[in-house]
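[1] coords please:
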Amino acid sequence: MEFGLFVQGYVGKRAETDPLAEHKALMEEAAYVIEADRCGFKYAWASEHHFLEEYSHLSANDVFLGYLAHATRRIHLGSGIFNPLAPVNHPVKVAEKAAMLDHLTEGRFEFGTGRGAGSHEILGFLPGVTDMNATKEIWEETIAEFPKMWLQDEYAGFRGRHWSLPPRKVLPKPYGGSHPAMWYAAGSPPSYAMAARKGLGVLGFSVQKVSDMEWVLERYKTAIVDAEPVGDFVNDNVMVTSTAVCAPTHEEAVRIAAGGGLHYLQSLLFRYHDTFPRPKGFPVWPETLPAFTEEVIEHLIAEELLICGDPQEVLTQCKRWEQAGADQLVFGVPIGIPPEDTVQTIRLIGEHVIPKIDTDPVHRTARFRAAA
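    Presented below is the predicted three-dimensional model:
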């Protein structure tokens, strides 16, 4: 199992007291990725969101990743996601940006796509549309065109219901051979199976606990066997996300997590991700969950909803994900904790956890791409 970091430009309530909160959030998260690169993490994923105040101000992740391309050496940099819906970003321009990042990283770019966070975000680009399901058709008609734009000397062109282009040379072409590994942000069992049939890796941002891996793997790993890949190769990969806090002692880790504002992040998540099933009794915005006490943090650890503890405990918790079948485990960093505590988490995991689980020096996606 490989390891990664996820950043999204989360500002939270800091903007109420600090006029530079937005800038600080973006620069802190860039610094976390640079530190993760030094500490042996193999992947970093950057979101693309629009209009989601406090929750995510990382709207131009291609610019963000371009900066990190020069600031890092080994870590793969992924779009988590690029939105390829024509009303949001023209697909040809998305293909160009992806290929450019592939060059700037010298083959370290990972191409993740999806359909957006929810109605507040996506329907802002679709005036007159009220059904989020309409975005599925746009994505479906677009995704298979990217490898053609990258690999055909002159792209043959496309005429669909939602966008079109006459024959043109789409430049630049990807760096080296083939093209970046392709991923899809999936949130339901049918979506996992659909991604597998297309040969796409899955960005499992909706997987919350280890037991969720059962239906994820059942749908995905069964369907991937008969994949008809839209690209040059099958990216047999399931990535899952969790929050991680690691400290020298269990007590310190729990204290840090309790002060990390996780309740507010969860409240914002369900404010904007209205396509996610809302847990029973979950407050409706602007009401929020109460602040998590240390007792709540201990409960989340016991329920495998949070990775938290000293290095040995975190190693054991990560091994549970590996045993469940995750190909990649990615950590979102608790935004409310001081940056030095987040850097401590990254360093401790890099020193005590990653070397004992991920012993392959080569990235999984690099192997697939090399064999294409």
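[2] Every contact and neighbour count from this point should use C-alpha atoms.
    Fine.
[3] which regions of the protein sit below the pLDDT cut-off?
    In the predicted model, the chain carries pLDDT under 70 at residues 334.
[4] Please enumerate the strands of it.
    2-7, 43-46, 76-79, 109-113, 158-159, 164-165, 182-185, 201-204, 238-246, 307-309, 328-332 (DSSP state E).
[5] As TSV, those strands with mean neighbour count and distance to Thr288 would be great.
    Listed next are the strands of the chain as TSV, based on neighbours: other C-alpha atoms under 10 Å; distance: least, C-alpha to C-alpha, whole Å:
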stretch	mean neighbour count	distance to Thr288
strand 2-7	24	22
strand 43-46	26	26
strand 76-79	26	29
strand 109-113	27	30
strand 158-159	12	46
strand 164-165	14	44
strand 182-185	27	26
strand 201-204	27	25
strand 238-246	24	19
strand 307-309	27	23
strand 328-332	21	20
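[6] Let's have those in JSON lines, adding distance to Arg369.
    Formatted as JSON lines, those follow (distance: least, C-alpha to C-alpha, whole Å):
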{"stretch": "strand 2-7", "distance to Arg369": "17"}
{"stretch": "strand 43-46", "distance to Arg369": "16"}
{"stretch": "strand 76-79", "distance to Arg369": "13"}
{"stretch": "strand 109-113", "distance to Arg369": "11"}
{"stretch": "strand 158-159", "distance to Arg369": "26"}
{"stretch": "strand 164-165", "distance to Arg369": "28"}
{"stretch": "strand 182-185", "distance to Arg369": "10"}
{"stretch": "strand 201-204", "distance to Arg369": "13"}
{"stretch": "strand 238-246", "distance to Arg369": "16"}
{"stretch": "strand 307-309", "distance to Arg369": "31"}
{"stretch": "strand 328-332", "distance to Arg369": "17"}
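[7] Tell me which of those lies nearest to Lys148.
    Closest to Lys148 of those is strand 158-159 (C-alpha to C-alpha; 10.2 Å).
[8] Provide the strand pairings for that closest one, with the direction of each partner.
    strand 164-165 (antiparallel) (DSSP bridges).
[9] got a list of contacts for the strand it pairs with?
    Gly157, Phe158, Arg159 (C-alpha atoms under 8 Å, 6 or more residues apart in numbering).
[10] let's go with 10 Å and repeat that
    Residues outside strand 164-165 that contact it (C-alpha atoms under 10 Å, 6 or more residues apart in numbering) are Ala86, His90, Pro91, Val92, Tyr155, Ala156, Gly157, Phe158, Arg159.
[11] quick one: Gly332 and His162, what's the gap?
    For Gly332, the distance to His162 equals 34 Å [C-alpha to C-alpha, to the nearest Å].
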